[in-house]
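[1] Output the structure for:
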Amino acid sequence: MPGLLRGVARTAVVAGTATAVSNRVSRRQAGRWAQQESAQTERYAPPPAEPPPPAAPPATDMSSKIEQLKELGELKEQGILTEEEFAAQKSKILGS
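    Numbers count the residues shown, from 1 in each chain. You can find the predicted model right below:
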């Protein structure tokens, strides 16, 4: 009878140790998979959208509108703006 009890106790210790080791390995592997998954998510995530450029403050007084029109005229004279671009910007300034 003591031999049988010793065999059962040994089996219980071995089974308990095996279960503990198995659980620890499973938790460690799950942690590694989670790290890999988060790294892949970061790698393939779309880049954050750039905020739109700040809008120019609205020109409310006539002197600032005249100043902007003068600058547009200079750009047109230098050949930087085409006639169509000049007309579009002019209507935008006068329309606001």
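[2] hey, let's count contacts and neighbours off CA atoms from now on
    Noted.
[3] Can you pull out the low-pLDDT segments for the protein?
    1-2, 42-60, 96 (pLDDT under 70).
[4] try 50
    Low-confidence segments of the chain (pLDDT under 50): 59.
[5] which stretches of it form helices?
    For the chain, the helices defined by DSSP state H cover 2-44, 62-77, 83-95.
[6] outside of the shortest one, which residues touch it?
    Spelled out, that is helix 83-95. 59, 65, 68-69, 72-73, 76 (C-alpha atoms under 8 Å, 6 or more residues apart in numbering).
[7] care to break this protein down by domain?
    Listed by automatic domain parsing, the domain ranges of the chain are 1-46, 62-95.
[8] Can I get the ones you listed in TSV including mean neighbour count?
    Compiled in TSV, the domains of the chain are given as follows (neighbours: other C-alpha atoms under 10 Å):
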stretch	mean neighbour count
domain 1-46	11
domain 62-95	13
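[9] that older thread, which two of the contacts of helix 83-95 have the greatest separation?
    Largest separation among the contacts of helix 83-95 by C-alpha to C-alpha: A59 and K76, giving 20.7 Å.
[10] Pipe the contacts of helix 83-95 into TSV and attach distance to A15 per row.
    Compiled in TSV, those are given as follows (distance: C-alpha to C-alpha, whole Å):
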residue	distance to A15
A59	82
K65	86
Q68	85
L69	88
L72	86
G73	89
K76	88
